[in-house]
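Trainee: Would you be able to build a 3D model of this:
(one chain, ligands or ions: 1)
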Amino acid sequence: MTTQIKATCPDCGEVNLTPDDVQLMVCTVQTLSYYAFDCAGCVRQVRKPADERIVSLLKSGGVRVQRWRVPAEALEEKSGPVVDYDDVLDFALALGDTDFLADLARAARIS
Ligand SMILES: [Zn+2]
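Mentor: Here you go, the predicted structure:
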């Protein structure tokens, strides 16, 4: 007999799932752990945070744990001004004013 797991879709309400329907992603940073499932009612992926209690419950229900690691650069403290849309646009325009990248590509092809 397959374990039934009850979860809630924000649009459809309570749904019944099997352990294979649930993706349990446990992160090295506990607050980023989550579980997800594709709701059969609205065909939407529902993703919710999974604290230690929920991880334990899902594991006991037979859900397989997938572990993931946050890239270190994502956890770095950021300082300085925020790069905004205008900065990206200026950068793209500046790329059009130089042959620097083309020169690099040409040099790489020759050597
Ligand atoms: Zn739904």
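
Trainee: what's the spacing between residue 49 and residue 86?
Mentor: Distance, residue 49 to residue 86, using C-beta to C-beta, to the nearest Å: 34 Å. In short, each C-beta sits where N, CA and C put it, glycine included.

Trainee: For residue 64, the count of nearby residues, please.
Mentor: 11 (other C-beta atoms under 10 Å).

Trainee: and what of the one 5 residues further on?
Mentor: Applying the criterion other C-beta under 10 Å, we find 9 residues in the vicinity of residue 69.

Trainee: more crowded one of residue 49 and residue 86?
Mentor: Neighbour count, other C-beta under 10 Å: between residue 49 and residue 86, residue 49 has more, with 11 against 8.

Trainee: neighbours of the residue nearest to that one when sequence neighbours are not counted, just the number please.
Mentor: For residue 49, ignoring the flanking residues on the chain, the nearest one in space by C-beta to C-beta, 6 or more residues apart in numbering is residue 34 at 5.5 Å. Using other C-beta under 10 Å, residue 34 is surrounded by 18 other residues.
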